[in-house]
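A.B. asks: how would this look folded up:
(one chain, ligands or ions: 1)
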Amino acid sequence: MTFKPIRKAVFPVAGLGTRFLPATKAIPKEMLPVVDRPLIQYAVDEAREAGIEQMIFVTGRGKSAIEDHFDIAFELERTMAERGKDLSVLDPTRLGPGACAYVRQQEPMGLGHAIWCARDIVGDEPFAIFLPDEFMHGTTGCMAQMVQAYNETGGNIISVLEVPQDKVSSYGVIAPGEEKGALTEVTGLVEKPAVADAPSNKIISGRYILQPEVMRVLENQEKGAGGEIQLTDAMAQMIGDQPFHAVTFDGKRYDCGSVAGYVEANLALALEREDIGEEVREKAAELLA
Ligand code: UTP
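C.D. replies: Next up, the predicted model:
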């Protein structure tokens, strides 16, 4: 059986990023670099690797740096060319004409509401969602792994990872059904449960493939945890009507929404780099001595 291909990705980037203030007062959190690439660039690269063609950014006030990042930087490029500098470093920032769209979420009313703001651009087809502050790092990208699973099961797919049971209360958690390799059937979803009520230690980790019906569920959605319109609550309503699976990501996830996770990602990626890895290792060893 073949399923409709995943051609569009939504990047909700309208959050306030309060955990990174004052850095995020004038700069979106998604523009913070891991080594020398902004978080949003890694997410877009992961989408392209998975065969996704159209990038839809749900932005808010003060987020125009993201639009500029994926545009031509005329003065910069001309000056670099005149000085004989290598422009290929900018290649990943080039999204072809019409390959990106921006829609504004006027008020940060929650992740579910941000996704709903993209409903007309998404239209009537399955689509991917990337939370760029969840930085997924693997030999094969997380979304590519999910698309592979989607091609077999269709329906809705979310990426999950296992955390210690006492950490579950900060996340969306799945109730697991049948397991087959990296694929787990999802029989329920709950946002930020108390430790005692959590149905598993598998948390939703920032990547989704959803059927367009989720937009209609979001349309009528009441506010949930934190007074926000929660995507998890909308997805939970779709279980039973449509196939719903979780893929355990084969790779490493860095929680770049938290300051410590962000620092960890920077260190890990710097250590992996051929050009600076050795120097960073020496400096880190000195600091730890
Ligand atoms: P977070 O829960 O990390 O919130 O949002 P935040 O505002 O970005 O950061 P803190 O907690 O204040 O530091 C998860 C994702 O959902 C987006 C965010 O941009 C982030 O990618 N989001 C959240 C929206 O686009 N709109 C919202 O109303 C809420």
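A.B. asks: show me the strands in the protein, by range?
C.D. replies: 8-12, 33-34, 37-38, 54-59, 100-104, 127-130, 134-137, 156-162, 172-180, 183-191, 202-210, 244-248, 252-255 (DSSP state E).
A.B. asks: and of these, who's closest to the ligand?
C.D. replies: The ligand lies closest to strand 8-12 among those, at 3.4 Å (C-beta to the nearest ligand atom). The way it works is simple: take the backbone N, C-alpha and C, and place the C-beta from them, glycine included.
A.B. asks: the nearest residue to A99 once chain neighbours are set aside: how many residues sit nearby?
C.D. replies: Once flanking residues are discounted, A99 sits nearest to Q54: 5.9 Å by C-beta to C-beta, 6 or more residues apart in numbering. Residues near Q54, counting by other C-beta atoms under 10 Å, number 18.
A.B. asks: and Q54, how far from I157?
C.D. replies: Separation of Q54 from I157 (C-beta to C-beta, to the nearest Å): 19 Å.
A.B. asks: can you check P38 too?
C.D. replies: Taking C-beta to C-beta, one finds P38 at 26 Å from I157.
A.B. asks: who's more crowded, the two?
C.D. replies: The neighbour comparison of P38 against I157 (other C-beta under 10 Å) goes to I157, with 29 against 21.
A.B. asks: who's the nearest residue to the more buried one once chain neighbours are set aside bridged to?
C.D. replies: If the residues on either side of it in the chain are set aside, I157 comes closest to I209, at 4.3 Å by C-beta to C-beta, 6+ apart. For I209, the beta-bridge partners are A128, I157 (DSSP bridges).
A.B. asks: quick check: I209 vs T24, distance?
C.D. replies: I209 is 28 Å from T24, by C-beta to C-beta.
A.B. asks: more crowded one of these two?
C.D. replies: I209 (26 against 18).
A.B. asks: gap between the more buried one and A289?
C.D. replies: 46 Å.
A.B. asks: nearest spatial neighbour of Y262, skipping sequence neighbours?
C.D. replies: C256 (4.5 Å).
A.B. asks: can you report how many residues lie near the one you found?
C.D. replies: Quick note: C256 (other C-beta under 10 Å) scores 26 neighbours.
A.B. asks: one step back: dump the strands of the chain into TSV; add mean pLDDT and distance to the ligand as well.
C.D. replies: Formatted as TSV, those follow (pLDDT from 0 to 100; distance: least, C-beta to the nearest ligand atom, whole Å):
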stretch	mean pLDDT	distance to the ligand
strand 8-12	98	3
strand 33-34	98	15
strand 37-38	97	13
strand 54-59	96	5
strand 100-104	95	10
strand 127-130	98	8
strand 134-137	96	8
strand 156-162	96	14
strand 172-180	93	11
strand 183-191	93	11
strand 202-210	96	8
strand 244-248	97	19
strand 252-255	96	9
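A.B. asks: for those, which one sits closest to E278?
C.D. replies: Nearest to E278, of all these, is strand 33-34, at 18.9 Å by C-beta to C-beta.
A.B. asks: within range of the ligand, give me the residues from this structure.
C.D. replies: Within reach of the ligand by C-beta under 6 Å from any ligand atom, the chain has these residues: 12-19, 29, 58, 105, 108-111, 113-114, 131-133, 257.
A.B. asks: of those residues, which belong to helices?
C.D. replies: 111, 113-114 (DSSP state H).
A.B. asks: for the residue in the chain that the ligand sits nearest to, give me phi and psi.
C.D. replies: Closest residue of the chain to the ligand, C-beta to the nearest ligand atom: G15 (2.3 Å). G15 has phi and psi values of phi -70, psi 170 when expressed as degrees, to the nearest 10.
A.B. asks: run through the residues that contact it.
C.D. replies: Residues near G15 by C-beta atoms under 8 Å, 6 or more residues apart in numbering: 29, 60, 108, 114.
A.B. asks: just put the residues you listed in CSV and tack on neighbour count and pLDDT.
C.D. replies: Output for these, formatted as CSV (neighbours: other C-beta atoms under 10 Å; pLDDT from 0 to 100):
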residue, neighbour count, pLDDT
K29, 24, 94
G60, 18, 88
P108, 17, 88
A114, 27, 96
